[in-house]
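**Q** Below: sequence and its predicted model.
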2 protein chains.
Amino acid sequence: MRIEILCTGDEILTGKTINSNYSHIARRLEEVGLSAYWGTTVGDDRDSLLAAFRQAAARADAVIVNGGLGPTVDDLSQEIAARAAGVELVLDEAWLARMEEFYARRNRVMPPNNRKQAMLPAGAEFIDNPIGTACGFAVTIDNVRFFFTPGVPREMRRMLDEQIIPRLLALGGVTGVTRLKRFHSFGIGESRADQMLSDILAPGADIKLGFQAHYPQLETKLAVRGIDGADLERKLAPIEAEVRRRLGNFILAEDDQTLEGVILSMLRDRGLSLSIAEMFTSGTIATRIAPLPGAESVFRRSAVARDLAQLRAAVGLATGGDAGAVSPQAAAAVASMLRDSSGSSLALAVLVDLDEGADRMELGGTIAVGIADGGVAVARQARLFGGRDWIRLGATELALDCLRRHLLGLPVDEQIDFERR
Amino acid sequence: MRIEILCTGDEILTGKTINSNYSHIARRLEEVGLSAYWGTTVGDDRDSLLAAFRQAAARADAVIVNGGLGPTVDDLSQEIAARAAGVELVLDEAWLARMEEFYARRNRVMPPNNRKQAMLPAGAEFIDNPIGTACGFAVTIDNVRFFFTPGVPREMRRMLDEQIIPRLLALGGVTGVTRLKRFHSFGIGESRADQMLSDILAPGADIKLGFQAHYPQLETKLAVRGIDGADLERKLAPIEAEVRRRLGNFILAEDDQTLEGVILSMLRDRGLSLSIAEMFTSGTIATRIAPLPGAESVFRRSAVARDLAQLRAAVGLATGGDAGAVSPQAAAAVASMLRDSSGSSLALAVLVDLDEGADRMELGGTIAVGIADGGVAVARQARLFGGRDWIRLGATELALDCLRRHLLGLPVDEQIDFERR
């Protein structure tokens, strides 16, 4: 089924707003086994909108229109939809009442121009928006079904999942349900993950494998289609188990979990507290964990410095003489002292020694991670490359992942694809 | 002039990559007084590309095509451009030699499939790419000029500014030069800035005023057109001065400068060092300054904690008894003690007391900022709203801006639009 995504609005057309609604819609279509065939962007302009609707109807089997459902004069989607479908705009009394109620609940009177949002093309199919005043609707233009969605991302996303995708699947004669299973890993590049999982699916399986790299993490996605929930479960279970077996220790979180969230949960569940010492990562690790809800009782303190002597002083280590070089031993010493001085159950230290010279793709750095928990301190060293920003991102992830591995009793020094030994 | 931006590639079409190239191109066009009239996205598919080229030629005066110039089999832009223009592909010997040289400089042999990147439609105008192997080119399809640009953002951006925009301006009969002047401010919302500057331009002026909000900062842009550099200067100077006068102390940086960069420069120039103490901002302030080139000699250390007693302990203040509440006095005390214990010339402390309850738009927080420099400590308090993330972003910016104002001798407690008093 050829699906066109038609995005409207001057903010999008002129580049003032990056069109992340387009990529969200296209990605969701892929994940349920549909796909975008064409994308169009036009401004808040009657002639452009009408031409775009006509052209989309000529080449697509279904069209998702995003934006232009607001209360202001430059919101034209209903008007042009009606014109393209050859019908009048009529007031949807039920939606008008819902909007008035929406305002009343907030102790406000609905501004008169919001009435425009209840004017729909005659005969249009109403599509609910439970969280905003821009309702969706569907009309047929030149025998092609058009689905109109609001531009506000969270309203669009919910309407897409709950209302539009089921209609598109029905339109395409696709029955059943879908689910997207996601695995987040650190340390495996996209091409190697692709190789590792290449033969995981039987030919003709109702599951689609996909990857999305967000350096330094990789997201591995299984999009499955089935008759019902039980069927999804039956199909997904063995493949999920196989992905977990093959990616193994590198999987750090699944679905909506994050690495820092997983670590925080483990620490909370065990009643442990954490302190952190950082060099070139400069507080990036603290910013991942400390502001999370629930971190108040876990995160104790963090010390940040650009040189090792300062970091040692900040955690209470002797400052006289040479601070020594970045090494696993130095990281372990900082972690141990920080644990003592802060009184936390665990301390994580990450030291970075950036190579000399200007920032460039080939620039490398030496990373040392130390973890103290009262037993023998754990430490690990790695060489990362890719310039200042990539080294900082990589060191942050490496340190957090070492902590996750340590808490789970996994080896902290398993080689990752991004390091050179 | 009607300009279409035609983006190609499965990664863009399927939403795997967010189409930030589109918004960059559209924004740059606006900034030089041109504008995007239509946007099209298609995948790496011969029929789609050919149809998209034909349709663009039918509605636009000029077309910028982005992507599809790579060495792999799914890169089809040259092939379809030649077909649409009704010509053969021919080898550009000069570009082939440049590519071989490009590889040789990196001590590598050019892979044979890169040869494809030197195959251009016969009669095409060559467009240089000084930083990559995908050269650009221009051809005429159905009497409309098409400009082909690489998908790699930094290569596209440079080619757009240096090669494509001058050609588009010439094509549109626009002579002369353009410049974009940018001001970055903190504390003024977009609508108020719009009001403050509404009458700044005479009718028919060759200058266009625009805004882009990046919460909590606002970017104010002056796009000017002139005959030559001297003309630009003459037109811009009085308007620039007026913007500086009206936005006044709220302007924190101009053009490519950043707030943290401006602060770092002032500290370096004066031979000063800095330490930081942060509560709910959790290291965000440190991550803005500490990793910058040149910060090694300025940034001394940072202490991060989620509660005030821990933060006081981390900087060496008495820990017995009640740590007290978040207040300007408490922030000043932390800053003063941190300055002493770290031995830095200046210390900045930001304390945050988040309101109770779940994260929501209405959630607020009390921010206290303290600065110690050996004289009388400076402090300021503010109430910010908008949920956890917005409070953290706002508090970070407020603290850095207080430091900037203090270093410049400006009032640190000037009311900002985001706070409620």
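**A** It's in. Residues are numbered from 1 along each chain as shown, chains lettered A, B, ... in the order given.
**Q** C-alpha only now, for contacts and for neighbours.
**A** Will do.
**Q** Torsion angles phi and psi at the residue lying closest to residue A:298 once chain neighbours are set aside?
**A** Nearest in space to residue A:298, with sequence neighbours left out and distances taken as C-alpha to C-alpha, 6 or more residues apart in numbering or on different chains, is residue A:273 at 4.3 Å. For residue A:273, the backbone dihedrals (degrees, to the nearest 10) come out as phi -120, psi 160.
**Q** Count the residues that sit near residue A:273.
**A** 22 (other C-alpha atoms under 10 Å in any protein chain shown).
**Q** quick one: it and residue A:293, what's the gap?
**A** Spatial separation of residue A:273 from residue A:293 under the definition C-alpha to C-alpha, to the nearest Å is 15 Å.
**Q** Repeat that for residue A:12.
**A** 34 Å.
**Q** Have a look at the two and say which one is more surrounded.
**A** Each of residue A:12 and residue A:293 has its neighbours counted (other C-alpha under 10 Å); residue A:12 has more, 24 against 13.
**Q** Surely that one and residue A:18 touch.
**A** Yes: using C-alpha atoms under 8 Å, residue A:12 and residue A:18 qualify as a contacting pair, with a distance of 6.5 Å.
**Q** can you list residues touching both of these two?
**A** Residues touching both residue A:12 and residue A:18 (C-alpha atoms under 8 Å, 6 or more residues apart in numbering or on different chains) are residue B:23.
**Q** Go ahead and confirm residue A:279 touches residue A:348.
**A** No: with contact defined as C-alpha under 8 Å, residue A:279 does not reach residue A:348; the gap is 11.7 Å.
**Q** which of those two has more neighbours?
**A** Using other C-alpha under 10 Å as the criterion, residue A:279 and residue A:348 rank with residue A:348 on top: 30 against 26.
**Q** Quick one: end-to-end length of stretch A:113-131, please.
**A** Distances were taken as C-alpha to C-alpha; on that basis the terminal residues of stretch A:113-131 are 19 Å apart.
**Q** quick check: longest helix of chain A.
**A** Of all the segments assigned as helix in chain A under DSSP state H, the longest by residue count is helix A:388-408.
**Q** How many residues are close by the residue of the stretch 151-300 of chain A found nearest chain B?
**A** When scored by C-alpha to the nearest C-alpha, the stretch 151-300 of chain A has residue A:283 as its residue closest to chain B, at 4.6 Å. Burial of residue A:283, expressed as a neighbour count using other C-alpha under 10 Å, amounts to 29.
**Q** Same question for residue A:367.
**A** Around residue A:367 there are 29 other residues, counting by other C-alpha under 10 Å.
**Q** can you pull the pLDDT of it?
**A** Reading off the per-residue confidence, residue A:367 sits at a pLDDT of 97.
**Q** before we move on, which element is it in?
**A** Residue A:367 is located in strand A:364-372, with elements delineated by DSSP states H and E.
**Q** quick one, what contacts the residue lying closest to residue A:382 once chain neighbours are set aside?
**A** Beyond its immediate neighbours in the sequence, the residue positioned closest to residue A:382 (C-alpha to C-alpha, 6+ apart) is residue A:367, lying 5.2 Å away. With contact set as C-alpha under 8 Å, 6+ apart, residue A:367 has these partners: A:326-327, A:350-353, A:381-384, A:395.
**Q** and stretch A:183-201 with chain B, contact?
**A** No: for stretch A:183-201 and chain B, the contact criterion (C-alpha under 8 Å from any C-alpha of the partner chain) is not met; the two come no nearer than 13.3 Å.
**Q** May I have the strands that pair with the helix or strand harbouring residue A:220, each with its orientation?
**A** For residue A:220, the host element (DSSP H and E) is strand A:217-226. Looking at strand A:217-226 with DSSP bridges, its paired strands and their directions are strand A:177-186 (antiparallel), strand A:207-214 (antiparallel).
**Q** Give the helix, strand or coil label for the residue nearest in space to the middle of chain A.
**A** Against the mean C-alpha coordinate of chain A, by C-alpha atoms, centre = their mean, the closest residue is residue A:256 at 8.4 Å. Taken by DSSP: H, G, I helix; E, B strand; the rest coil, the conformation at residue A:256 corresponds to coil.
**Q** What score does it have for pLDDT?
**A** 92.
**Q** next one: the one 4 residues further on
**A** The predicted local confidence for residue A:260 comes out at a pLDDT of 98.
**Q** what about it, neighbour count?
**A** The number of residues packed near residue A:260 is 22, by other C-alpha under 10 Å.
**Q** who are the neighbours in contact with it?
**A** Neighbour list for residue A:260: A:288-289, A:400 [criterion: C-alpha under 8 Å, 6+ apart].
**Q** returning to that earlier point: downstream neighbour of the strand holding residue A:367 in the secondary structure list?
**A** Beyond strand A:364-372 on the C-terminal side, the first helix or strand identified by DSSP H and E is strand A:378-385.
**Q** Could you check that next one and say which residues are buried?
**A** Neighbour counts using 16 or more other C-alpha atoms under 10 Å in any protein chain shown place A:378-385 of strand A:378-385 among the buried residues.
**Q** Quick one: work out the angle between the strand holding residue A:367 and helix A:388-408.
**A** Computed by axes from the mean of the first three to the mean of the last three C-alpha atoms, to 10 degrees, the angle separating strand A:364-372 from helix A:388-408 equals 30 degrees.
**Q** what does the stretch 251-400 of chain A put close to chain B?
**A** Listed as neighbours of chain B in the stretch 251-400 of chain A under the rule C-alpha under 8 Å from any C-alpha: A:280-284, A:286-287, A:290-291, A:296, A:299-307, A:310-311, A:314, A:342.
**Q** Could I have the PyMOL command that selects the buried members from these?
**A** Selecting the buried subset of those in PyMOL, with 16+ other C-alpha under 10 Å as the burial test, is done by:
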select buried, chain A and resi 280+281+282+283+284+286+287+290+291+296+299+300+301+302+303+304+305+306+307+310+311+314+342
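**Q** ok, residues contacting the helix or strand of chain A with the lowest mean pLDDT?
**A** When each helix and strand of chain A is scored by mean pLDDT, DSSP states H and E, strand A:207-214 comes last, with a mean of 86. Strand A:207-214 is contacted from outside by A:33, A:190, A:194, A:201, A:218-225, A:236, B:16, using C-alpha under 8 Å, 6+ apart.
**Q** Quick one, which of the residues you listed are buried?
**A** Among the contacts of strand A:207-214, those that count as buried by neighbour count (16+ other C-alpha under 10 Å) are A:33, A:190, A:194, A:218-225, A:236, B:16.
**Q** residue contacts, residue A:100?
**A** Contacts for residue A:100 (C-alpha under 8 Å, 6+ apart) come out as A:109-110.
**Q** what do you get for residue A:149?
**A** Under the criterion of C-alpha under 8 Å, 6+ apart, the contact partners of residue A:149 comprise A:64-67, A:69, A:135-137, A:156, A:159-160.
**Q** Just the ones of these in strands?
**A** Secondary-structure check on the contacts of residue A:149 using DSSP state E: residues within strands are A:64-66, A:136-137.
**Q** Which one of these sits in the busiest neighbourhood?
**A** Ranked by neighbour count under the definition other C-alpha under 10 Å, the ones in strands among the contacts of residue A:149 are headed by residue A:136 with 28 neighbours.
**Q** Quick check: closest non-adjacent residue to that residue.
**A** With C-alpha to C-alpha, 6+ apart as the criterion, residue A:136 has its nearest non-adjacent residue at 4.5 Å, and that residue is residue A:127.
**Q** What is the burial count for the one you found?
**A** Counted with other C-alpha under 10 Å, residue A:127 comes out at 18.
**Q** Against residue A:155, how distant is it?
**A** Counting by C-alpha to C-alpha, the gap from residue A:127 to residue A:155 is 12 Å.
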